[in-house]
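J.: Next input, structure requested:
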Amino acid sequence: MLFSLLTVLGFSLGHDGRSWLATWGAPGVGIVLGLVVLALIPVIPFTEQFARQSVPSKEWHSPTFRRINRVLSTGWGLAITELGVSRVIAAAVDARGAEVLFGAVVPVLLIIGMLHLSRTYPDRVTHGDRSIAVRGHR
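T.: Residues are numbered from 1 along each chain as shown. Predicted structure coming up:
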């Protein structure tokens, strides 16, 4: 729905509107998507859908599997939201250094941090146990 709205706006707005959309659309989408990921955690954590592809169904309701997915989904939701906020700052601040810092450096660091957490957190929760729940996140 969000992407459909942006598409319609992109085709229907004039030059100034398209310029505004190009500047603020992507950061806004990042914030909205991050908030959606966070809002879905009580229903089904975002990462759980991926983990279920490699984890037997008997493990899906285990406390460890659920905890890992809630934590990772929270982290990804916050990171995506922060990425959007960082891009808003980059667009709002009229300085080349700020644009590079908030438009590139901060987003890359957020993604690297979340990739590291996604790779290491399951092992920390299970204390190195190579259980089914851990393999679902590799």
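J.: What ranges does this structure have for its helices?
T.: Secondary structure of the chain (DSSP state H): helices at 2-12, 15-40, 46-51, 63-92, 96-100, 106-126, 132-135.
J.: Would you single out the least confident of these?
T.: Among the helices of the chain, helix 132-135 carries the lowest mean pLDDT, at a mean of 46.
J.: which outside residues touch stretch 62-81?
T.: Residues outside stretch 62-81 that contact it (CB atoms under 8 Å, 6 or more residues apart in numbering) are 30-31, 33-38, 40-41, 45-48, 51, 55, 59, 110-111, 113-114, 117-118, 121-122, 125-126, 131-134, 136-137. Bear in mind the C-beta positions are built from the backbone N, C-alpha and C, glycine included.
J.: Can you mark which positions in that stretch are buried?
T.: By neighbour count with 16 or more other CB atoms under 10 Å, stretch 62-81 contains the buried residues 64-65, 67-81.
J.: buried sites along stretch 122-129?
T.: P122, V125, T126.
J.: Touching, E99 and V88? I think so.
T.: No: the pair E99 / V88 is not scored as a contact, 11.9 Å apart, by CB atoms under 8 Å.
J.: shared neighbours, these two?
T.: If you check E99 and V88 against CB under 8 Å, 6+ apart, no residue is contacted by both.
J.: you'd agree V93 is up against E99?
T.: Yes: the pair V93 and E99 qualifies as a contact (CB under 8 Å) at a distance of 7.0 Å.
J.: Might you report the residue contacts of the closest residue to A26 other than its chain neighbours?
T.: Closest residue in space to A26, ignoring its immediate chain neighbours: R87 at 6.2 Å, by CB to CB, 6 or more residues apart in numbering. By CB under 8 Å, 6+ apart, the contact set of R87 is A26, P27, G30, F102, G103, P107.
J.: State the number of residues packed around the second one.
T.: Right, the one you point to is P27. Residues contacting P27 under the criterion other CB atoms under 10 Å number 21.
J.: for it, what are its contacts?
T.: P27 neighbours (CB under 8 Å, 6+ apart): G84, V85, S86, R87, V88, A90, A91.
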